[in-house]
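1. got a predicted structure here, sequence first:
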Amino acid sequence: MRLNLLVIRTSYPEILKEQYEKLGLEFDYHRHGNGPFHYASEQNGFVFEIYPLTKSMEKADNSLRLGFDIQELKTKIRSLENSNWKILSEPKETEWGLTALIQDLDGRKIELKNK
């Protein structure tokens, strides 16, 4: 089994899309049938989508933790310093390699690992 789809929801789809583009994702804007317009990024058979909140949702779920492999992690963290990403921990060596922790606009923690 392999994960092929992840959907996150937000009150700010455009801003969140721009935030994740800073990590290197590229998005298309589209919709499926009568569903809501949303952003989708596909890389290596994995689809990452950013949808608006549903009418029944009051706020985005910030308990989800994501992880991405990033090339040149230290350079990437420097480029995020003056953006709307919150840097929670600078790159450091761990048992999994060089990693850093950042937080998106909705409060989701994103672990970045040097590729």
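-> Nice, thanks for sending it over.

2. for the protein, what are the low-confidence residue spans?
-> Filtered on pLDDT under 70, the chain yields no residues whatsoever.

3. just the helices in it please.
-> With helices called from DSSP state H, the chain shows them at 13-21, 73-80.

4. for Ile102, find the nearest of the ones you listed.
-> Closest of these to Ile102 is helix 73-80, at 6.5 Å (criterion: Cβ to Cβ). The C-beta positions use only the backbone N, C-alpha and C, and glycine is treated the same way.

5. list the contacts of the closest one.
-> Contact partners of helix 73-80, identified using Cβ atoms under 8 Å, 6 or more residues apart in numbering, comprise 22-23, 70, 87, 90-91, 98-100, 102, 112-115.

6. chain center to it, what's the gap?
-> For helix 73-80, the separation from the chain centroid amounts to 15 Å (computed by Cα atoms, centre = their mean, to the nearest Å).

7. now that helix: buried residues?
-> 73, 76-77, 80 (16 or more other Cβ atoms under 10 Å).

8. can you redo the contacts of helix 73-80 as TSV with neighbour count?
-> Putting these into TSV (neighbours: other Cβ atoms under 10 Å) gives the following:
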residue	neighbour count
Lys22	14
Leu23	18
Ile70	22
Ile87	16
Glu90	11
Pro91	21
Leu98	15
Thr99	19
Ala100	22
Ile102	23
Leu112	23
Lys113	16
Asn114	17
Lys115	11
